[in-house]
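1. model this:
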Amino acid sequence: MNFLKGTKIYSILTGTCPVCQNESMYEGSNPYKLSKTLKMQERCGHCETKYKIEPSFFYGAMYVSYPVGIAFAVSAFLIGHYILKLNLVATFLLIAGTMIVCLPIILRLSRNIWINFFMHYSKKKNLS
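-> Predicted structure coming up:
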């Protein structure tokens, strides 16, 4: 995925610093370790970017999590109903299961998208 380095998509998908893209923003790399799912570093160890721009900054990620969750649910519906040919009850259960299982990923992805609205990649910070 290094061919995407320098783009917002790289930072969003990998959870790396949106400014230098050299270090993970999260304390733990595994989103399924629930005690550390949303634990973030205070600053980037490489470029010193502060992740929490203001108090309660990541409350805005809640607005992003809704469409991200909808995308996961629609994908589960399309796979269950049209590809696997499940009935509607089984498809509903597949959607519910998908949402529960993917919740840590949705939460992190939403935070990654939210912070990338406000911070931009800098080649200068990447080199220092």
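
2. The helix ranked longest in the chain - contacts with which helices or strands?
-> Counting residues, the longest helix in the chain under DSSP state H turns out to be helix 88-118. Identification of packing neighbours for helix 88-118 by 3 or more Cβ pairs under 8 Å, 6 or more residues apart in numbering; DSSP states H and E yields helix 8-14, helix 61-77. (Glycine included, C-beta is placed from N, CA and C.)

3. so which of these gets nearest T98?
-> helix 61-77 (3.9 Å; Cβ to Cβ).

4. Show me how far the closest one is from its chain's centre.
-> The gap between where helix 61-77 is centred and where its chain is centred comes out at 11 Å by Cα atoms, centre = their mean, to the nearest Å.

5. How about stretch 81-97?
-> The answer for stretch 81-97 is 25 Å, by Cα atoms, centre = their mean.

6. Okay, buried residues for that stretch please.
-> Under the neighbour-count criterion of 16 or more other Cβ atoms under 10 Å, stretch 81-97 has 81, 86, 91, 94-95 buried.

7. Geometrically speaking, which residue is the centre of the chain?
-> L109 (1.2 Å; Cα atoms, centre = their mean).

8. got the contact list for that residue?
-> Residues counted as contacts of L109 (Cβ atoms under 8 Å, 6 or more residues apart in numbering) are 12, 68.

9. Distance of it relative to E42?
-> According to Cβ to Cβ, to the nearest Å, L109 stands 21 Å off from E42.

10. Done for today, thanks.
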